[in-house]
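A.B. asks: Below is the sequence, then the predicted model.
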Amino acid sequence: MTLADGSTRKWEALKASKDGSFSHRALSGGYAYFAVTADKEEIMLLEAAGHSAVHVNGEPRGGDPYSYGYLHLPVVLRQGSNDFLFQVGRGRLTAKLVPPKAPVALDLSDPTLPDLLVGQEVSTWAAVVIVNASKDRRDDLEMQASCAGAPPAVSKLASIPPLSIRKVGFRLQAPASQKEGNCEVQLKLTHGSADKQGVLDTASFKIGVRRPEQTHKRTFVSTLDGSVQYYALVPQARGHQAPGEGSKKPGLVLTLHGAAVEATGQAACFTPKSWAHVVAPTNRRPYGFDWEDWGRLDALEVMDLAEHELGTDPQRAYLTGHSMGGHGTWHLGVIYPDRFAAIGPSTGWISMWSYAGARRPEHPDALQEMLLRAVSPSDTLALARNYALEGIYVLHGDKDDSVPVQQARTMLKHLADFHRDFAYYERPGAGHWWGNPCVDWPPMFEFFTRHTLPARAAVRQVQFATPSPGVSSNCHWASVEAQIHALQISSIDLGYDPGKRSFAGTTSNVGRLALDLGHVSPGGAIQVELDGQKLPPIDKPANGTRLRLQRRHEQWSLLDRPDPSHKSPERYGPFKDAFRNHVLFVYGTRGTPEENAWSFARARYDAETFYYRGNGSVDVIADEAFAANAEPDRGVILYGNAQTNRAWQVLLAKSPVQVFNARVRIGGREVTGEDLACLFIQPRLGSDRALVGVVSGTGLPGMRLTEYLPYFISGVGYPDCILLGSETLRTEAAGVRAAGFFGEDWGIDSGEFVWRK
């Protein structure tokens, strides 16, 4: 076979090792094929590890690239020969087929559990996987969970599609425990009505009971997808406040773990602090998303939750992390510089381009430039001036053989050009990990205690850059709400004079700007001068504290209120932005049997992949079950096209992008063929925050082409809309037919699109 780069690969015979695994040099980025013969049709569980994906009789199924071993997928073996094609990236594969223990069963191999606290009654969340090894959708399941002899808490479970797995959340209640140790939880999976229930499966597990002052786990329901997540907490040391701190709210240190590390393992490295809680979010998984994309959202969600639950002082928030978490520290610190008084990256790498192998074309054409803009939030150095708002303590071992110390030295060079509040320490002779001090480093924490975020009313100058309002819009009292050119760097340099009640400064690539006037004292009119233009005196808005201005044709003007249907920080794009707001997957059933089978399989594959990579739990439903008016603020991912998915007409009738069988229309241009794949987003009608993401094709070849477009991987991004032909498999980026960003009104003419000639 000839690959996209012109090289050739040949199929070779593959033999199992003595332990039953398969190893071969070709499996470091190659494929393994097996033909399995069955005497009759039957449902089996595929238990495989080491692969990024597998096609079973042509249907894509989730993979286990990190070999966790907890992915047990129900598959149908048809009578006769069955095809298994594994995509393997790390040189080794294990795979076996085993019969399911029951059509619907509990799987405790990957739970999400809280810790119980001595002396406190429990009412919280837990989650386990349920395997549906049947051809029926299960909407009738309930979980009965009892702990410490308490009456069972009964939870109606989320829907589970046929032949699939799903991690489901359920309530957990228990009386106050009197001692630390373990508490046994009894689970009973039932179905049916209240007066006639049947037990499908039972199981038990132990849950930790900790003293409140000990490090422990707390669970919560994520707004991204409704899944149960956890964070680890190292509580502030009781009764040991530092001098002068007795009346203060505690600070909060957000600490980000490295690759393959659990949040609990990260938290275990810290001793309790007298002045702050230490909080470790999960990045959604030990590898997760490199603290970008959904990993970044997880960190912010946990930070907001912890500030509320723990009553911490938002002016004394700090950020640190090790290795991949060190990168996360650089990444979150540069994007949200007004959230952290100081940051402390330890052995952190800079960006996908400096360390993780991402490539930039030396001479990108206009279409490649459009694609690069989709990943601009990953460009740490392009935003580096934001670090001026934070204190920075850089920590690295000079013998690090995992993340070279050159990463830290490069950042030191950049910071030295403008930053006046950073410390740098190279540990002589230290490698990548030199014990707990490389995360719990006393000089770094002492550095943190000397830093406090200023009160908003005390801020006189805001210098801030953002890759996108959808990623980061606010900095102190200023907010970039819309750009002129989407996902190109926008910047502001604004000053505030309280005596004159005036704002003045310059902007770059800002289409809409908001000024928070909460810190402006009552009085006369407000003066605004932007980019050399003086606006007429402005009265303080009666409908709130936000003053909004828009720029059209190089002129600034007052904006009463933005159109809620337009782009905003709550929904801006690009494509990945659709996978939040309790996202829902809707597959099509109006096409041919083959198209319908693809649509369901593709939605199930995405749900399996997001579960594996992001500990996710997504509703997957048919178009005929979708109710347009139900939960209008939920994000929706639609699979299929205008002729194969019934929900298209409801959600996308006004979309400037329309995909049909054998043709795609983008604005006034039409492209024909059955091998076209199209990803795009549009606002969900009736909502001011939810998006509709579309995974579409003009025929089975185009639909299947979408399977080669990974989006649950950090460092990979797509613009608001991208159109590809099947030649992409041979020519890579040269197969992209068109790509672009919609305008502020979600239109094509108001946006920026590039077409390949």
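C.D. replies: Alright, I've got the coordinates.
A.B. asks: From now on I want contacts and neighbour counts done on CA atoms only, so please keep to that.
C.D. replies: OK.
A.B. asks: which residues in the stretch 151-300 of the chain form strands?
C.D. replies: Using DSSP state E, counting those that start in this stretch, the strands found in the stretch 151-300 of the chain span residues 153-156, 164-174, 181-193, 196-210, 216-221, 228-234, 251-256, 276-280.
A.B. asks: Sheet-wise, list the partners of the second one with their directions.
C.D. replies: If I follow you right, that is strand 164-174. Within its sheet, strand 164-174 is paired with strand 122-132 (antiparallel), according to DSSP bridges.
A.B. asks: Run through who's touching whichever helix or strand comes after the partner strand.
C.D. replies: Downstream of strand 122-132, the next assigned helix or strand under DSSP states H and E is strand 141-147. By C-alpha atoms under 8 Å, 6 or more residues apart in numbering, the list of residues contacting strand 141-147 from outside reads 152-159, 170-174, 183-192.
A.B. asks: cool, stretch 593-607 as well?
C.D. replies: 59-62, 164, 585-590, 616-618, 620, 622, 639-640, 644, 699-700, 703-704, 707.
A.B. asks: Looking at these, which are in helices?
C.D. replies: Under the assignment DSSP state H, these contribute 700, 703-704 to helices.
A.B. asks: wait, isn't L71 in contact with E47?
C.D. replies: Yes. Using C-alpha atoms under 8 Å, L71 is in contact with E47, at 6.2 Å.
A.B. asks: more neighbours, these two?
C.D. replies: The neighbour comparison of L71 against E47 (other C-alpha atoms under 10 Å) goes to L71, with 23 against 18.
A.B. asks: Pull up the gap between the closest residue to V88 other than its chain neighbours and R613, please.
C.D. replies: Spatially, and ignoring its direct neighbours in sequence, V88 is nearest to H51 (4.2 Å; C-alpha to C-alpha, 6 or more residues apart in numbering). Going from H51 to R613 by C-alpha to C-alpha, to the nearest Å gives 13 Å.
A.B. asks: hang on, S714 packs against N283?
C.D. replies: No. Using C-alpha under 8 Å, S714 is not in contact with N283; the gap is 11.5 Å.
A.B. asks: more neighbours, those two?
C.D. replies: More crowded of S714 and N283, by other C-alpha under 10 Å: N283, with 33 against 19.
A.B. asks: distance of the more buried one from G258?
C.D. replies: Taking C-alpha to C-alpha as the measure, N283 falls 10 Å from G258.
A.B. asks: got the end-to-end distance for stretch 259-277?
C.D. replies: End-to-end distance for stretch 259-277: 23 Å, by C-alpha to C-alpha.
A.B. asks: Start the count at 491 instead of 1 going forward.
C.D. replies: I'll keep to 491 as the first residue from here, and by that count the last item is stretch 749-767.
A.B. asks: quick one: average pLDDT of it?
C.D. replies: Taken as a whole, stretch 749-767 has a mean pLDDT of 98.
A.B. asks: Closest to Q973 out of the ones in helices among the contacts of stretch 1083-1097?
C.D. replies: Of all these, Q973 sits closest to M1193, with 32.4 Å by C-alpha to C-alpha.
A.B. asks: and that closest one, what is it in contact with?
C.D. replies: Here M1193 is in contact with 1088, 1130, 1165-1167, 1185-1187 (C-alpha under 8 Å, 6+ apart).
A.B. asks: what does K1024 give?
C.D. replies: 1017-1018.
A.B. asks: Specify the beta-bridge partners of it.
C.D. replies: Per DSSP bridges, the residues bridged to K1024 are E1019.
A.B. asks: How about residues contacting the lowest-mean-pLDDT helix or strand in the chain?
C.D. replies: Every helix and strand of the chain was ranked by mean pLDDT, DSSP states H and E. The lowest is helix 1218-1221, at a mean of 88. Contact with helix 1218-1221 is made by 493-495, 1224-1226, as judged by C-alpha under 8 Å, 6+ apart.
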